[in-house]
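Q: Below are the sequence and a predicted model; questions follow.
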Amino acid sequence: MIKKSSFFTIKWTPEGIKILDQRALPNRVRYLLCAEPACVIEAIKKMVIRGAPAIGVAAAMGLALGARQMDTDDKTTFLKEFEALCQQFADSRPTAVNLFWAIQRMKTCAKKTPASLLKETLKTEAETILREDIALNRAMGAHGKVLVPDSAGILTHCNAGALATGGFGTALGVIYAAFNEGKKVHVYADETRPVLQGARLTTWELKQHGIPVTLITEGMAGTLMRSGAIDLVVVGADRIAGNGDTANKIGTYGVAVLAHHHGIPFYVAAPLSTFDTAAESGAAIPIEYRDENEVFYCGRKRIAPRGIEAFNPAFDVTPASLITAIITEKGVLRPPFKAAIAHLSTQTGVTP
Ligand code: MRU
């Protein structure tokens, strides 16, 4: 069994929204208390909280917090102000579609709720989104664990664990579920330049949960794969297009190419809220570009000369053809993904 979590990613408290400050990990466990929605928006932008599902939960809670502070009994005025706040959240980070999914869900909830109940109902809705996210991750784990052989060497990229979600995680959730069943696993975590989510967050989280982990730099993945140490790759996703093309942390595409070359299964684990069927293919997925100082610096230390340029897309797109299967809370999707995704939406009534 994985060890019980000693941390939480995000929580609603009477004083405001408490968010684990992921920028301080692994050296310090500290929480940021947001009493204003603007604080939550900044926390998303600055990656105090990050990971597609966690960003969605943060936006939902931030909107509920904003709703509490709106000083009107008139529903039309409320909806106008709420819409403006939704737009501010929507402008925080562009790639993870869970953000837009959560905003849409909060808007729908606001529209159908009577004025007198808006504040309480929106808070309940945000807390439901958090609770559901954890349940979905556990369901994903249950579907995905069968893909993990005993004594598996598993490579993962970035952080798609409890820290990136309401709890339990997507890609790491699959690993936790396999481990909980008694399977031996050994995780190889890509450090994930430039923000180092693998080195700082994935290794920390796995250690907290008692899972053996080895940190590698991205350049070491090919050598490890050729050595036979890796049985499978599992990663999370920020947005999955209707044809299965998957946006995830920059560097994921390279890992997928390497896995394909070495005949190693490459799995993506993501909830339905990460699917965007309005995007026909990966070409339609907006990619966030971040400040070039993330590349120029490692921690506080500058690692490149001044007077040059840096390229810093935060995400890349892995073509569906390189993905072995997509693990969702409803089951495991196999190629051709376009048909599998369309079938899933008719089966579940959920339009991803
Ligand atoms: O820039 P980040 O840290 O928000 O990017 C996170 C990722 O790319 C994760 O792999 C993805 O959001 C899935 S999290 C379950």
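A: Thanks, I have the structure now. These figures come from a predicted structure and were not determined experimentally.
Q: Outline the domain layout of the protein.
A: 10-137, 142-348 (automatic domain parsing).
Q: For burial, what's the neighbour tally of the residue in the stretch 101-250 of the chain that the ligand sits nearest to?
A: Of all residues in the stretch 101-250 of the chain, the one sitting closest to the ligand is residue 236 (2.7 Å; CB to the nearest ligand atom). For every residue, glycine as well, the C-beta is placed using N, CA and C. Residue 236 is flanked by 31 other residues according to other CB atoms under 10 Å.
Q: Just put the domains of the chain in TSV and tack on distance to residue 3 and mean pLDDT.
A: Converted to TSV, the domains of the chain look like this (distance: least, CB to CB, whole Å; pLDDT from 0 to 100):
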stretch	distance to residue 3	mean pLDDT
domain 10-137	15	98
domain 142-348	4	97
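Q: So which bits of the protein are right by the ligand?
A: 50-53, 96, 158, 160, 164-165, 170, 197, 236-238, 248-249, 314 (CB under 6 Å from any ligand atom).
Q: longest helix in this protein, by residue count?
A: Using DSSP state H, we find that the single longest helix of the chain is helix 118-144.
Q: Partner strands of the very next helix or strand once past that helix, with direction?
A: Counting by DSSP states H and E, the element after helix 118-144 in chain order, helix or strand, is strand 152-156. Using DSSP bridges, strand 152-156 pairs in its sheet with strand 185-190 (parallel), strand 232-235 (parallel).
Q: Output the domains of the chain in CSV, with distance to residue 4 appended to each entry.
A: Shown next, in CSV, are the domains of the chain (distance: least, CB to CB, whole Å):
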stretch, distance to residue 4
domain 10-137, 14
domain 142-348, 9
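Q: Which one of the ones you listed lies nearest to residue 1?
A: Residue 1 sits nearest to domain 142-348 of all the domains of the chain, at 5.5 Å, using CB to CB.
Q: starting at the chain centroid, how far to that closest one?
A: On the basis of CA atoms, centre = their mean, to the nearest Å, domain 142-348 is displaced by 10 Å from the centre of the chain it belongs to.
Q: Look at the one residue in the stretch 251-352 of the chain that gets nearest to the ligand and say how many residues are nearby.
A: The minimum distance from the stretch 251-352 of the chain to the ligand, using CB to the nearest ligand atom, falls at residue 314 (5.1 Å). Burial of residue 314 is recorded as 21 neighbouring residues (other CB under 10 Å).
Q: Leaving out the residues flanking it, which one is nearest to it?
A: Of all residues not flanking residue 314 in the chain, residue 288 sits nearest, at 4.4 Å (CB to CB, 6 or more residues apart in numbering).
Q: quick one, phi/psi of the one you found?
A: Backbone dihedrals for residue 288, given as degrees, to the nearest 10, come out at phi -80, psi 130.
Q: Contact partners for it?
A: 93-95, 313-315 (CB atoms under 8 Å, 6 or more residues apart in numbering).
Q: and if you look at residue 127?
A: For residue 127, the contact set (CB under 8 Å, 6+ apart) comprises 12, 61.
Q: distance of it from residue 318?
A: If you measure residue 127 against residue 318 using CB to CB, to the nearest Å, the figure is 33 Å.
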